[in-house]
Each structure stands twice: as structure tokens, then as C-alpha cells.
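Visitor: got a sequence here, can you build the structure:
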Amino acid sequence: MTRISRKQFLALGAASLGLAGAGLVGGELLAGKALPGGGGGGSLPGDLVGASSRIGHRLRNGSFPVAGEIRKTGVVIVGGGIAGLGAGYRLAKAGYDDFLLLDLEASPGGNAASGRNEVCAFPWGAHYVPLLTEEARAVRALFQDFGIITGYDAKGTAIYDDYALCADPSERLYRYGRWQEGLMPAIGLEADEEADGKRFFAAMKTFRQRIGRDGRRAFAIPLDLSSQDADLMALDGITMTAWMEKEGYRSPSLAWYVDYCCRDDYGARAQDVSAWAGIHYFAARNGRGADADDQGLVTWPEGNGYLARRLAEALGSRIRTQSLAYAVEEKGNGVAGNAGVTVDVWDAAADKAFRIEARAAILATPHFVSARLMRDPGRAAGFSYAPWAVANITLGRLPGGVGASLAWDNVVFDSPLLGYVVATHQIPQMRPTKTVLTYYWPLSHLPPAEARREALARPLNEWQAIFLKELLAVHPELEGHVERADVWIWGHAMVRPVPGFIWGPQRRAGLNQKPPLFTAHSDMSGISIFEEAYTHGVRAAENAMAYTGHRYVTVL
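Guide: Residues are numbered from 1 along each chain as shown. Sure, this is the predicted structure:
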């Protein structure tokens, strides 16, 4: 039987749906307690969920049972985010089976966590990966393993699985009471604003095509493969807002768009992000697909939770969940064969502690966690983390809107929230009737510590009110169709690339590896994206194998 392509399938579905709606002018974001669109009595079903802060804060507060049982392994991996899962997957692929991965959550995945209900799977965090750059070799090998890249054409361009590519339409923006295609504002612009936008994107193209004097691309993914020409690195010393002002960009619409992009990728405003990081967002992504549009991406209903699940499945019983490592100590003199590591672990389910003795350890944890594990507070100096709130809103009908059709990513201009992703967008069904919207909000309106305290103190009904008032302001047709709203609070969602951090001494010091301890986390890059986390995991695994004498062929 002939298999029609995803684009053909979805085109048939779109033609039969005839979706339309009446998107009205959005009001201000309000945080009252009344729940529009909710159930009887002003209440709405839902849960306030999130990373296991209660278990994690025990590491900060300190009391644990005495470790009794001793277990032995070759390599112990602490942390089950993408870096830790990537390290474990690389060990397993190379035939190194003597390892154990510890994670404090009930399921691994880190900020690629996902969920599922009776409607579909949905993301709780990271939700896409752009088409891979040439430098992202480790991730390319993974995508080939998983069948996300199915082959290469005669020109050597990757062919992606049609069902993994983001389906059209991918993006739309709400402004002036209607939706437009794409996220860069295009409606109602003055001539000088249009000129500013064209000049900005031309500058980003120049950066994207530039090769430094060291032969490297100006901006690469992974970022440590970027050129280190002095004028480029100097961009890390000023904010993205300051750079735009210096270059004479005056368009409010462009300023909003760049700020949105910084909040989207970094959880911080353009005024708080280094210009190097801000430009990297636009200039590093040069991946191409033989069957994909430029600047395309891959995604799934559960976002990067799909990748986390595939990685975890490959590791199987070598993952131990609800296990909090609370002390890591090096033994011996650091010479392979005469050294080792002890890791003390609290089993949260059984409320008992045990000790792991290993030849090597990979700390796939954020720097602020690693600092506590190693009893080295200075280790986390200079690292700043963005808090986020994410809501998954289950609807009895699809959103509509005047102007552009419902897209995968839907953004409201000049909102403190980032907008919503439609989980069912990647599910090929002819007439979807229900959906889940994943609404993202980087809490960048306050300094991170203040935003964290505010977020952790806010009850579920107030979170629901914030997200629903934003949603119903632009989708009044959804009144009465909201079935539940669950909210996840990320206290330390991602590292912030503040000025001076990416090419500064704190991050560079974090790259140093000191066997038998190896580190792996997106913190080590200064930006929290899948390619960075996975690559650091692979590198740590290969370093650990080299240290223990296990032979392998590098994929870096």
C-alpha cells in the first residue's frame, strides 16, 4: 500500500476542517482568582506539579540516614536529564555496560519532561530541536540511530523522517485583533520599521555565513566550536539590547521580537542576555534538510520528551529513579586503576541510604547541585538560573482565530507569556476534536531569586487564572471548553547567558575535567538546548571510557 506523506495527509485534513474563529483584541494579563471557562463554582480541575523540589531541597537542608549497603559499578552517572541520559546511551552503544544512572525524579528527562492524558502526550519543558548543524555530530549520530534522520541525498543533505518534521503551519502571531503567519510582526508596520527588520535579518545572515580567522563558523552549535575571533567574543561583554541600540535599530516591533526570542531560548530579557548569546540564536542555526524548509525543526506531541523516553528505554534497568545523590567524594590519587569515587545515595521510596563505589563518576547535574554534592560552594559562582511556569490546558475543542490558521506555535504580541504550542499538531488525524495547549511563561519580570520565591508561593488557582485569562482574551470561543489546567513550576529551568558568562572565566573553569570525576550538563555551555546537553553527555562518557581503558570510536 502506498504511504502518503505527512504533508499530503495534513493538507487533506486541513482542507476538510475549515477551522475559523473570532479572535478579539487581547486584554492585560490579570492574576485574579476567578477561573473563566472553568467548572462549576469557579473551580477547575488540575494539579500543581513540577520537579521534586521537596526531595531536592533535602540536599540543601542536609540530614540523611547513614549509608549502610555498599554497591559497586564501573561508572555512576548522577542526573537523568538529557546530558545524563546521553552519557548513559553513549556508554551502552560503545559496549560499556557496567554503569548506573541515578535520578531523583520518578521518571528521567530533566527539563525535557513530558506528560500524557486521555487526549494526547504533551511537553512540560523543551519541545523541539532545530535541523542539525554540521557541527552537531553527536546528535546527528543519535538521530540516525533513532530513525529521525533516515538517510542523505546525493548532495549529502540529511533526509528527515517526515513525521518528525514540524507540520505546517508552524508559527503564527496575534496582534491588532488578528493572527498573522510567522512570529516577526508584519501587520501595520511603518516603512522605517520594515527597513529596520530587513537590515537586522541581513546582519544575522552575514553573521551566519561568517568564517572566523581560526577557520570556524562565527556562531556554531555546539557553541564551543564557534570562532573565537576577538571582535566576536567582545559581543559577550554587552547586552543584546545595548548592541541593538549601538547598531541603530529603533523599531519597537523588532525590539519586541528579539526580546521574545531571548525569553524563549534563554528565559531572560534581551536587556539581561549577552549580545553574543542573542546573535547566536539567529546566526548559529544553519541546519538543512533535503525534505524540510530552511530554519525547520523536529518535534513530537510530547516535545523533547520523545527523545528522553527513547534514551531511557535504551538504558533500561541501569536507571535508578527516586534516588538522590547527596555526597560525592574522590578516592585515591587520580591515576586510573588506583582511584575511584564514592557516591552516597538516598533512596526516597524506601527512605534509606546506600553507598556506590565506582571507578569514575559523571556529574550530569546543574552547577549549583554539583557544588553541594562536592561540598564546593565556589563551583557555582557566576551561574544564574531562570525560573519558568508551564501550563498544560486540556480543551474540548480546537482554538480558532481570524487571519492565519491554528499553528504549532501560537504567540501573542507584547504578552509576558510566550504563547502556546498545540500538542495534537503533530498527530495526523483528519478531524481532531480535542487538544492540549502547552503554555510557556519565563518568569523574567523579576530577578531570578525573587521570581522563584513568588512562583513557589502562588497557589494553583492563581496560576490557572493567569493562563486562562491570557488564553480567553484572544480565544473567547473557548469559553466553556476548558476541561482542566495543570501547571508545572521550574525553579531552576535553565542557565542564563548573562553578559560576560559564555566566554568568561566561570564557564570556562566549568569545562575542566578532573578524572575520575567528569561533568556533563548544558550549564557548561551557558545555553540550555538539547544539542549542548547531549554533546556534553557524550563527551563525558567518552572521557570516562578513555580513563577506564575501554576502547571506542568517537562520535564527536
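
Visitor: quick one: strands adjacent to the helix or strand containing Q180?
Guide: Using DSSP states H and E, Q180 sits in strand 178-181. Sheet pairing of strand 178-181 (DSSP bridges) gives strand 171-175 (antiparallel).

Visitor: give me the contact list for stretch 325-333.
Guide: Identification of contacts with stretch 325-333 by C-beta atoms under 8 Å, 6 or more residues apart in numbering yields 58-59, 64, 78, 102, 338-346, 353, 361, 363, 372-375, 516-517. Using the backbone N, CA and C atoms, a C-beta is placed for each residue, glycine as well.

Visitor: please indicate which of these are buried?
Guide: Among these, the ones that count as buried by 16 or more other C-beta atoms under 10 Å are 58-59, 64, 78, 102, 339-346, 353, 361, 363, 372-374, 516-517.

Visitor: that older thread, now, the contacts of stretch 325-333 that are in strands?
Guide: Counting by DSSP state E, the contacts of stretch 325-333 place 78, 102, 339-346, 353, 361, 363, 517 in strands.

Visitor: can you give me the helices for the stretch 301-450 of the chain?
Guide: Secondary structure of the stretch 301-450 of the chain (DSSP state H, counting those that start in this stretch): helices located at 305-315, 367-373, 448-457.

Visitor: export those helices as a markdown table, with columns for mean pLDDT and distance to Y89.
Guide: Below are these laid out as a markdown table (pLDDT from 0 to 100; distance: least, C-beta to C-beta, whole Å):
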| stretch | mean pLDDT | distance to Y89 |
| --- | --- | --- |
| helix 305-315 | 98 | 5 |
| helix 367-373 | 92 | 21 |
| helix 448-457 | 95 | 31 |
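
Visitor: so which of the ones you listed gets nearest Q506?
Guide: Ranking the helices of the stretch 301-450 of the chain by distance to Q506, with C-beta to C-beta as the measure, places helix 367-373 first at 8.7 Å.

Visitor: between its first and last residues, how far does stretch 357-375 reach?
Guide: Stretch 357-375 has an end-to-end distance of 18 Å (C-alpha to C-alpha, to the nearest Å).

Visitor: ok, now stretch 170-180?
Guide: Stretch 170-180 has an end-to-end distance of 12 Å (C-alpha to C-alpha).

Visitor: same thing with stretch 286-300?
Guide: Per C-alpha to C-alpha, the first residue of stretch 286-300 is 21 Å away from its last.

Visitor: which parts of it are buried?
Guide: For stretch 286-300, using 16+ other C-beta under 10 Å, the buried residues are 286-292, 296-300.

Visitor: where does the closest residue to P252 other than its chain neighbours sit: helix, strand or coil?
Guide: Using C-beta to C-beta, 6 or more residues apart in numbering and skipping the chain neighbours, the partner closest in space to P252 is E193 (7.5 Å). Three-state assignment for E193 (DSSP: H, G, I helix; E, B strand; the rest coil): helix.

Visitor: give the contact list for E193.
Guide: When contacts are counted by C-beta under 8 Å, 6+ apart, E193 is found next to 251-254.

Visitor: select, from those, the two members most distant in space.
Guide: P252 and L254 (7.4 Å).

Visitor: between the two, which one's more packed in?
Guide: Legend: neighbour count by other C-beta atoms under 10 Å for P252 and L254, higher for L254 (22 against 13).

Visitor: so what does the helix or strand hosting the more buried one touch, helix or strand wise?
Guide: Applying DSSP H and E as the criterion places L254 in helix 252-266. Counting contacts by 3 or more C-beta pairs under 8 Å, 6 or more residues apart in numbering; DSSP states H and E, helix 252-266 packs against helix 191-209, helix 240-246, helix 275-283, strand 435-442.

Visitor: can you put the ones you listed in TSV and add mean pLDDT and distance to A268?
Guide: Below are those laid out as TSV (pLDDT from 0 to 100; distance: least, C-beta to C-beta, whole Å):
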stretch	mean pLDDT	distance to A268
helix 191-209	97	19
helix 240-246	98	10
helix 275-283	98	9
strand 435-442	97	7
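
Visitor: now those in CSV, with distance to A121?
Guide: Shown next, in CSV, are these (distance: least, C-beta to C-beta, whole Å):
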stretch, distance to A121
helix 191-209, 33
helix 240-246, 34
helix 275-283, 27
strand 435-442, 8
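
Visitor: among those, which comes closest to H521?
Guide: Closest among the helices and strands packed on helix 252-266, using C-beta to C-beta: helix 275-283, at 17.1 Å.

Visitor: which strands and helices sit next to the closest one?
Guide: helix 191-209, helix 240-246, helix 252-266.

Visitor: winner for burial among those?
Guide: Among the helices and strands packed on helix 275-283, ranked by average contacts under mean count of other C-beta atoms under 10 Å, first place goes to helix 252-266 (a mean of 21).

Visitor: CA atoms only: put it into PDB for me.
Guide: Listed in PDB are the C-alpha atoms of helix 252-266, where the atom choice follows Å, rounded to 0.1, in the frame of the first residue of the first chain:
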ATOM      1  CA  PRO A 252       9.600  48.700  18.500                       C
ATOM      2  CA  SER A 253       8.300  45.600  16.700                       C
ATOM      3  CA  LEU A 254      11.800  44.300  16.100                       C
ATOM      4  CA  ALA A 255      12.800  45.100  19.700                       C
ATOM      5  CA  TRP A 256       9.800  43.000  20.900                       C
ATOM      6  CA  TYR A 257      10.700  40.100  18.500                       C
ATOM      7  CA  VAL A 258      14.300  39.900  19.700                       C
ATOM      8  CA  ASP A 259      13.200  40.200  23.300                       C
ATOM      9  CA  TYR A 260      10.700  37.400  22.700                       C
ATOM     10  CA  CYS A 261      13.500  35.200  21.100                       C
ATOM     11  CA  CYS A 262      15.800  35.700  24.100                       C
ATOM     12  CA  ARG A 263      13.000  34.900  26.600                       C
ATOM     13  CA  ASP A 264      12.100  31.800  24.500                       C
ATOM     14  CA  ASP A 265      15.600  30.300  24.300                       C
ATOM     15  CA  TYR A 266      17.200  31.700  27.500                       C
END
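
Visitor: how many neighbours does G95 have?
Guide: 10.

Visitor: how about L132?
Guide: For L132, using other C-beta under 10 Å, the count is 25.

Visitor: and what of L324?
Guide: Neighbours of L324 (other C-beta under 10 Å): 22.

Visitor: hmm, it is touching V345, no?
Guide: Yes: in this structure, L324 is within contact of V345 by C-beta atoms under 8 Å, at 6.7 Å.

Visitor: okay, and the common contacts of those two?
Guide: L102.

Visitor: helices and strands of this protein: which one bottoms out on pLDDT?
Guide: Every helix and strand of the chain was ranked by mean pLDDT, DSSP states H and E. The lowest is helix 6-17, at a mean of 35.

Visitor: after that helix comes which helix or strand?
Guide: Taking DSSP H and E, what comes next after helix 6-17 is strand 48-50.

Visitor: how far off centre is that following strand?
Guide: Here the centre of strand 48-50 is set off from its chain's centre by 18 Å, with C-alpha atoms, centre = their mean, to the nearest Å.

Visitor: model confidence score at the residue sitting nearest the centre point of the chain, please.
Guide: In the chain, the centroid-proximal residue (C-alpha atoms, centre = their mean) is A126; its distance is 3.2 Å. A126 is assigned 96 on the pLDDT scale.

Visitor: chain neighbours aside, what residue packs nearest to it?
Guide: A126 sits nearest to N304 (C-beta to C-beta, 6+ apart), 4.2 Å away.

Visitor: which ones are touching the closest residue to G267 other than its chain neighbours?
Guide: In this structure, G267 finds its nearest non-sequential neighbour in A386, 2.8 Å apart by C-beta to C-beta, 6+ apart. Applying C-beta under 8 Å, 6+ apart, we find A386 in contact with 266-268, 442-444, 448, 492-496.
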